[in-house]
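Participant: Structure of the sequence below:
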Amino acid sequence: MRLLFIQIRGYTTNVASSFNSLISRYARLGQIHNARKVFDEMPQRNIVSWNSIVAAYFQNNQPGDARKLFDKMPERNLISWNALVSGYIKNGMLGEARQVFDSMPERNVVSWTSMVRGYVQEGMILEAESLFWQMPEKNVVSWTVMLGGLIQARRIDDAHRLFNEMPEKDMVARTNMIGGYCQEGRLNEARMIFDDMPCRNVVSWTTMISGYVQNQRVDVARKLFEVMPEKNEVSWTAMLMGYTQCGRIQEASELFEVMPIKSVIACNAMILAFGQSGEVDKSRRIFDQMIEKNEVTWNGMIKVYERNGLEMQALDLFASMQRHRVKLNFPSLISVLSVCASLASLDHGRQVHCQLLRSHFDNDVYVASVLITMYVKCGNLEKAKLVFDRFGEKDVVMWNSIITGYAQHGLGEEALQIFHEMCSLGLEPNDITFIGVLSACSYTGKVEEGLEIFETMKCKYLVEPRTEHYACMVDLLGRAGQVNEAMNLIKKMPVEADAIVWGSLLGACKTHMKMDLAEVAAKKLQKLEPRSSGPYILLSHMYATKGRWGDVEELRSDMRARSVSKSPGCSWIEVDKNVHMFTGGDSMGHPEHLIILRMLDRLGVLLREAGYCPDGTFVMHDVDEEEKVHSLRYHSEKLAVAYGLLKVPETMPIRVMKNLRVCGDCHSAIKLIAKVTGREIILRDANRFHHFKDGLCSCKDYW
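Facilitator: Here you go, the predicted model:
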């Protein structure tokens, strides 16, 4: 009979053990309902069963249900109480954990260590320290947890003292101290502990190597890496990151090639590294070869395209990311917003704005500033102002974004009004604010206001003028025809004038045909930016206007000798989320070029009837008038406008972007096109926006 009882008890124990294992398994899988079903259907439960289901609820972030079950337990042991404490800690409920800890009928070293660990995890190091020294007994885990807390709090000297007091220093404690010293840049002390370790594992080696890497001692890290007895994926990645972070891309590439396992982190690092050095094809090759990609991978590749001016590829990849149902994260959305701003892709920008709203990122002040900039650069100032007005607590960056937006759209009065509103609210303007305000004055000819604001920058707002501010002032004076005054300001600058300042002066000289000063400015620019074609083009245009074709040819010869090439003028327009590019002089480059040419013919007739006369001075070649007219007809902005008239619904404005400054002939022609077609045309060139409507431009021909 006794033997039968033992067999039955053994059978019952085995059954209970199986049920308990099943509860734990369901809990790990997140199937708490199945775990509870098993528990409820158990023919007989023991204390382990109760502990398992309580832990299951904590594991699935349901601490309330866990506590209810704990309170119903017919009996509890020390493991039950410890599980309750650790369960609360895992759910971030430190107050509840401490209440349980204080009410425990008995505690062991696990109870104390769990509570100390909880305080450390929450950054409450003083509370952890107080409890630690009250512990009646401590084991190596307790000491190591407290040591980690002090290191986390950057109290490295206190950590060192605790480390010396430890009765037993295991590998984890020593490795933690190495990491702590490296974090503080105290590499010699870290290395002493490393060298004194009786035995080391791959984590110890990797921590020391990472310490050297983090402190820009990459060559020392490499020597240590080479003598490692065993390397894992983390070790290889740490060494690779050392090279990428200090810009040693060639060595990073060589190491990457021989890595036995190329982790996702390593691949992501190489994508960005190649992208930063302009090797976009290599970045894309790694991206395409990756079997496993995470959000960082997609975001990194989009960022590479954005930073290298490949906006179309960035948008294509963003669309592919959506097709693959990759979760859209904050960095990728911000990158694509920047791309939309560069391309003035309003449809894509609106789409990203909707994604930000759905992801609840729109309440972020930085996001709001980027959105404002995107709408401004897409020519939709009304939407930019709407985003600005709807946001509650605005920082200086957001104010700067809207001020700059109004300036770029030639709305000087509005920009100044917002500036004064900002100051009246007690916000201190910074150097960027004044660049926006002075630009607004420059674009609208507000010379007196600009001079007054420039004078008050330093004395009233304590903002020291930089070269960018002087460039704005040179531009302001130059546009207003006060070119000599602009030159005098350059001479009085407390710092050396840079290319932006001399470029502003050269632009003013071209507008007002000040040939002597133009040649001075051009020579300065050629020294400062020998590879830039800008000064050559502007000076060449001035020579061509005066009919000095010999000087034009001499400049071209000089450009060829210096291998300076002119960026071709190109314009683009977005239609149905597709961006269409047009290059100046290339009337055959678009697949629909025939209908574009027919539209240009129709426009030509309408413009001649409206009194348009092509201005041949904007053709920098010594050719006859007929060839000049033909050349002007195929300027990229005219091709883009013609396509917009064909494809953009009549109720919507035609939005065109150009990479260079719009030429005077195109400016005159587009004013008339807007008048004879009854359309609104918004053109963003390299400098600013032009809103054409009813034969007028928002710039009032002051550009």
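
Participant: ranges for the strands of the stretch 501-650 of the chain?
Facilitator: 570-575, 578-583 (DSSP state E, counting those that start in this stretch).

Participant: Which of the ones you listed sits closest to Met321?
Facilitator: Distance to Met321, taken as Cβ to Cβ, is lowest for strand 578-583 among the strands of the stretch 501-650 of the chain, at 17.9 Å. Backbone N, C-alpha and C define where each C-beta goes, glycine included.

Participant: Show me how far the closest one is from its chain's centre.
Facilitator: Centroid separation for strand 578-583 versus its chain: 26 Å, with Cα atoms, centre = their mean, to the nearest Å.

Participant: Now it: buried residues?
Facilitator: 579-583 (16 or more other Cβ atoms under 10 Å).

Participant: can you check stretch 363-379 too?
Facilitator: 367-379.

Participant: try stretch 315-331
Facilitator: Quick answer for stretch 315-331 (16+ other Cβ under 10 Å): 315, 317-318, 321, 326, 328-329.

Participant: any idea which of these is closest to Met177?
Facilitator: The closest of the buried residues of stretch 315-331, once distances to Met177 are taken by Cβ to Cβ, is Asn329, at 35.3 Å.

Participant: Quick check: chain neighbours aside, which residue is closest to the closest one?
Facilitator: Excluding the flanking residues, the one nearest Asn329 by Cβ to Cβ, 6 or more residues apart in numbering is Glu295, at 4.8 Å.

Participant: quick one: contacts for the one you found?
Facilitator: 326-327, 329, 332 (Cβ atoms under 8 Å, 6 or more residues apart in numbering).

Participant: Adding secondary structure, write the buried residues of stretch 363-379 out as a markdown table.
Facilitator: Putting those into a markdown table (DSSP: H, G, I helix; E, B strand; the rest coil) gives the following:
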| residue | secondary structure |
| --- | --- |
| Val367 | helix |
| Ala368 | helix |
| Ser369 | helix |
| Val370 | helix |
| Leu371 | helix |
| Ile372 | helix |
| Thr373 | helix |
| Met374 | helix |
| Tyr375 | helix |
| Val376 | helix |
| Lys377 | helix |
| Cys378 | coil |
| Gly379 | coil |
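
Participant: Export those residues to CSV and append columns for pLDDT.
Facilitator: CSV is the format used below for those (pLDDT from 0 to 100):
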residue, pLDDT
Val367, 83
Ala368, 85
Ser369, 86
Val370, 86
Leu371, 89
Ile372, 89
Thr373, 88
Met374, 88
Tyr375, 89
Val376, 88
Lys377, 85
Cys378, 85
Gly379, 83
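
Participant: Adding distance to Gln216, write these out as CSV.
Facilitator: Listed next are the buried residues of stretch 363-379 as CSV, based on distance: Cβ to Cβ, whole Å:
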residue, distance to Gln216
Val367, 33
Ala368, 36
Ser369, 33
Val370, 32
Leu371, 37
Ile372, 38
Thr373, 34
Met374, 36
Tyr375, 41
Val376, 39
Lys377, 37
Cys378, 41
Gly379, 45
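
Participant: how much space between the residue nearest to Asn329 and Leu240?
Facilitator: 20 Å (Cβ to Cβ, to the nearest Å).

Participant: repeat for Lys223
Facilitator: The spacing between Lys223 and Leu240, counted by Cβ to Cβ, is 16 Å.

Participant: Which one's more surrounded, the two?
Facilitator: Leu240 (25 against 11; other Cβ atoms under 10 Å).
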